[in-house]
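J.: Give me a 3D structure for the following:
(chains A, B, C and D)
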Number of protein chains: 4
Amino acid sequence: MSQVTIWNEFRHERTNPAAQSLYPQGIHQAIAEGLQPYGLNAKTATLDEAEHGLTEEVLRNTDVLIWWGHMAHDEVRDEIVERVHARVLEGMGLIVLHSGHYSKIFKKLMGTSCALKWREADEKERLWVVNPAHPIAEGIGEYIELEQEEMYGEHFEIPAPDELVFVSWFQGGEVFRSGCTYMRGQGKVFYFRPGHETYPTYHNGDVLRVIANAAKWAAGGRGAAPRYGHVPVPLEHI
Amino acid sequence: MSQVTIWNEFRHERTNPAAQSLYPQGIHQAIAEGLQPYGLNAKTATLDEAEHGLTEEVLRNTDVLIWWGHMAHDEVRDEIVERVHARVLEGMGLIVLHSGHYSKIFKKLMGTSCALKWREADEKERLWVVNPAHPIAEGIGEYIELEQEEMYGEHFEIPAPDELVFVSWFQGGEVFRSGCTYMRGQGKVFYFRPGHETYPTYHNGDVLRVIANAAKWAAGGRGAAPRYGHVPVPLEHI
Amino acid sequence: MSQVTIWNEFRHERTNPAAQSLYPQGIHQAIAEGLQPYGLNAKTATLDEAEHGLTEEVLRNTDVLIWWGHMAHDEVRDEIVERVHARVLEGMGLIVLHSGHYSKIFKKLMGTSCALKWREADEKERLWVVNPAHPIAEGIGEYIELEQEEMYGEHFEIPAPDELVFVSWFQGGEVFRSGCTYMRGQGKVFYFRPGHETYPTYHNGDVLRVIANAAKWAAGGRGAAPRYGHVPVPLEHI
Amino acid sequence: MSQVTIWNEFRHERTNPAAQSLYPQGIHQAIAEGLQPYGLNAKTATLDEAEHGLTEEVLRNTDVLIWWGHMAHDEVRDEIVERVHARVLEGMGLIVLHSGHYSKIFKKLMGTSCALKWREADEKERLWVVNPAHPIAEGIGEYIELEQEEMYGEHFEIPAPDELVFVSWFQGGEVFRSGCTYMRGQGKVFYFRPGHETYPTYHNGDVLRVIANAAKWAAGGRGAAPRYGHVPVPLEHI
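T.: Okay, the predicted model is just below:
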């Protein structure tokens, strides 16, 4: 059974009454409970734990890391970011949620600013499936509808995704590439847009299903670790 | 358990002594045996059966279709090609092997000529993994080496693959994009280069492993069937 | 100077008063005039001309073919479709507009059904630039706004584009991949969504600018014609 | 006329006799001369100049930056790397040559290690065009042949390129993705493999042609600068 570690900054839920009310045990616990029906073994880790809960041992035993952060991106220590980055390249899956678009680890993996437009106006979001062959869309209808969410709008400054799975429509007139896959080294990365802390998004069955699908996809098989560097002896006679 | 149907033209193995000696029951049977360790339920179908063995019922019950053809592409009836095409778009996986690059079904799905360079000169092929994060490369080392194969060389006139998994090196000086994935409609397609009928390629463990990996990948989950056509009532008030 | 041939079915504009009023000389003439400021040499061709105006000679002298069709896709003769297809693969650019998504030539090049959702409800369309590095977006702001257009909605059953340049937002709640590039053989293909015959879309400066940009992009340089087929002599000693 | 700035570390050519003999004025000067026939205005900058020759003003006036570095990647100051990175995202083209794969700027833009295999054994390289529709391949035959080069082999740990233009065959048995395009922000990036300092690669007409083509491609048009951040007022009534 794949081992998922759900990392959460866990600040809003301790200070903002709306977030606290929706996620009294934190967004990480809501997601952990939501993944239970999908045969994934989920643990959690948070910013204020030692090494942010992401010790070498924890990462070594993690198949897929899920990441939610927002107000405290800067408090994530650089050596932990390097550690996570190295583990992604050697095969650990990474699912970056919502405001994690601005996390150090996502920006480092993307190589761009990961900037976007945003607005908090309780508007409707509809995430359309644009790649119905993709395993991350399994069990989802033609779209996911969220009555109220924060708006994220294009342009989203990311590399063109390897695969684009969802595109969002927002009531206020914007669109957004909401479900994006990337392969980096031996690792698989998925960015999934929804999940502002003041909305019940992580209690939505479709959203949880997508996260579970993405975890299974990201935990899937991969090739052998490549060897890099000097190979003085050619395979063929020169 | 996923249902795989292995389709083979099955002509060379009945007329060419070298092919007959290597594949006395046909290439389809060699692949069917090779897939047994991987938890796939494999049946076979051949050109000279009624409806080429690809009745509506057979296709309806097929999760992944594997295709080997060469000298008799033109004998495949157009209505069967349309039937397979429709099933791919509604979610059946398709794995096209070697000379199947020139099959009607592959050309129809690609939209290009699928032309390439070729040479039969018993030369060495080395298939390098260029995407070690991909599940199709699971269990494979840095490359697969085949002592003797037919050469296929670039330019290969296909759409740029959604994902490029293998690139071949040939002794005679050519390269080739040897493992290519495509998503089409709800279906997943994989082209895999090796497998000339006069070499023991389908007795090679790595080659069989790649086909098994590809079958599992292609049989994987997908989104709901989209609705197409006129939708007179908007989702939102206009 | 690049030679552009604008092909138009030219039926709606002779039978539908709204279309006739907007495009008295036909959509092809409106586009031809709109391209004048951009240093492109534009000619036109229509369905009811001999060989649909697309003789071997016309195509040989065409760098980029622009295609608008809708109600008479089936009247386009198959041998002309084959002729256009062959010219695209040997390097002619092709820009497919709006309802041309269902043309024989586009479906043949894509290999999929090219089906989509549609609705005629005078709704607003906003085409967001999702790839601001692309030359097709030159001179365009963050988005193009069209007060009234026909809606096209996802899922659009096309191969994932090589490059996605525009995504449309529609008032009624849908999104659409509206600007899609593909390279096929030596040719470059661009699909651009807007342009229903009963709206003044081809009098919009941004829309014309995108078509001009796409024509320049599609007329751009390319590599040599590949040789295909048997190459009995290897480049290297085997 | 597009302004190209050719940046070179310029160390090997002052210390290694073989490099000195081939490039007495430095690799940057050889490339600058090679670009002359192509209507590009080329200047140069080197590591040991103040600010590495890459002041704010120089970069502001540069349409395309070409980068060659190897033994002194670590001496490139981080603030200059940030400056170049910011300019790429706002639209400056970047062409990274050969050992520049390990430069700070390329690794930062890619988000991966950019590791590879290498060997100095005077072996033949043949770069095959795998995308003959691409403007970077203009004027090039089916392949470029270099009698002697350093080998770079897969796996090359980069993101899957947006477009793959060249794949190299090496005498010793390896392959390599040798011509890779990326769009990042408003900027276009091209990685081109050949160019070890002890071979006359930058005197080869095909190699220079590719660099010129890439410079023109990277200097090409783009969309408007996106606005990022808070957009409190929606475009539509919510």
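J.: give me the number of residues near residue A:3?
T.: Residue A:3 sits with 17 neighbouring residues when counted by other C-beta atoms under 10 Å in any protein chain shown. C-beta here means a position set from N, CA and C on the backbone, and glycine is covered the same way.
J.: And it, how far from chain C?
T.: In this view, residue A:3 and chain C are 31 Å apart by C-beta to the nearest C-beta, to the nearest Å.
J.: OK, contacts around that residue?
T.: Residue A:3 makes contacts with A:41, A:43, A:61, A:62, A:63, A:64, as judged by C-beta atoms under 8 Å, 6 or more residues apart in numbering or on different chains.
J.: Which one (most neighbours) among these?
T.: residue A:64 (26 neighbours).
J.: Once you drop chain neighbours, what's closest to that residue?
T.: residue A:93 (3.7 Å; C-beta to C-beta, 6 or more residues apart in numbering or on different chains).
J.: Repeat that for residue A:219.
T.: Closest residue in space to residue A:219, ignoring its immediate chain neighbours: residue A:2 at 3.9 Å, by C-beta to C-beta, 6+ apart.
J.: Correct me if wrong: the one you found contacts residue A:40.
T.: Yes - under the criterion of C-beta atoms under 8 Å, residue A:2 makes contact with residue A:40 at 5.6 Å.
J.: shared neighbours of these two, anything?
T.: Here residue A:2 and residue A:40 share the contacting residues A:215, A:216, scored by C-beta under 8 Å, 6+ apart.
J.: wait, doesn't residue A:171 sit right on residue C:172?
T.: No - using C-beta under 8 Å, residue A:171 is not in contact with residue C:172, being 11.7 Å away.
J.: joint contacts of those two?
T.: Common neighbours of residue A:171 and residue C:172 (C-beta under 8 Å, 6+ apart) are residue B:236.
J.: thinking again about what came up before, could you pull up the residues touching the residue nearest to residue A:64?
T.: A:63, A:64, A:65, A:187, A:188, A:189, A:190, A:214, A:215, A:217, A:218, A:219.
J.: what's near enough to touch residue A:141?
T.: Counting by C-beta under 8 Å, 6+ apart, residue A:141 makes contact with A:129, A:206, B:223, B:224.
J.: near chain B, which residues of chain A?
T.: Residues of chain A that fall close to chain B, judged by C-beta under 8 Å from any C-beta of the partner chain: A:91, A:124, A:126, A:129, A:131-135, A:137-142, A:162-163, A:171, A:183-188, A:213, A:220-227, A:235-236.
J.: What is the neighbour count of residue A:156?
T.: Neighbourhood size, residue A:156 [other C-beta under 10 Å]: 24.
J.: and the gap between it and chain C?
T.: 8 Å.
J.: what about the closest residue to residue A:195 other than its chain neighbours, distance to residue C:24?
T.: Distances taken as C-beta to C-beta, 6+ apart place residue A:98 nearest to residue A:195, at 3.7 Å, with adjacent residues excluded. Residue A:98 sits 51 Å away from residue C:24, going by C-beta to C-beta, to the nearest Å.
J.: neighbour-wise, which of the two wins?
T.: Between residue A:98 and residue C:24, residue A:98 has the larger neighbour count (other C-beta under 10 Å), namely 24 against 11.
J.: What does the pLDDT read for the more buried one?
T.: Note on residue A:98: pLDDT of 98.
J.: do the same with residue A:1
T.: On the pLDDT scale, residue A:1 is placed at 89.
J.: which residues does the nearest residue to it once chain neighbours are set aside bridge with?
T.: Among residues not flanking residue A:1 along the chain, residue A:41 sits closest, at 4.8 Å (C-beta to C-beta, 6+ apart). Applying DSSP bridges to residue A:41 gives these bridge partners: residue A:3.
J.: these two touch, right, residue A:41 and residue A:6?
T.: No - Residue A:41 is not in contact with residue A:6 according to C-beta under 8 Å; the separation is 11.2 Å.
J.: what's the burial count for residue A:220?
T.: Look at residue A:220: counted by other C-beta under 10 Å, it has 21 neighbours.
J.: next one: the longest helix along chain A to chain centre, how far?
T.: Assignment by DSSP state H gives helix A:205-219 as the longest helix of chain A. Helix A:205-219 has its C-alpha centroid displaced from the chain centroid by 10 Å (C-alpha atoms, centre = their mean, to the nearest Å).
J.: Sheet-wise, list the partners of the next helix or strand after it with their directions.
T.: Downstream of helix A:205-219, the next assigned helix or strand under DSSP states H and E is strand A:229-230. Sheet pairing of strand A:229-230 (DSSP bridges) gives strand D:117-129 (parallel).
J.: Which SSE is immediately downstream of the one helix or strand residue A:95 maps to?
T.: Assessed by DSSP H and E, residue A:95 sits inside strand A:93-97. On the C-terminal side of strand A:93-97, the closest following helix or strand by DSSP H and E is helix A:104-110.
J.: Contact partners for the residue most central in space within chain A?
T.: Geometric centre of chain A, nearest residue: residue A:96, 1.8 Å, by C-alpha atoms, centre = their mean. Listed by C-beta under 8 Å, 6+ apart, the contact partners of residue A:96 are A:67, A:103, A:105, A:106, A:189, A:190, A:191, A:192.
J.: Between which two of those is the distance greatest?
T.: Within the contacts of residue A:96, two members stand farthest from each other by C-beta to C-beta: A:105 and A:192, at 14.9 Å.
J.: can you give me the strands in chain A?
T.: With strands called from DSSP state E, chain A shows them at A:3-8, A:41-46, A:64-68, A:93-97, A:117-129, A:143-153, A:163-170, A:175-184, A:187-192, A:229-230.
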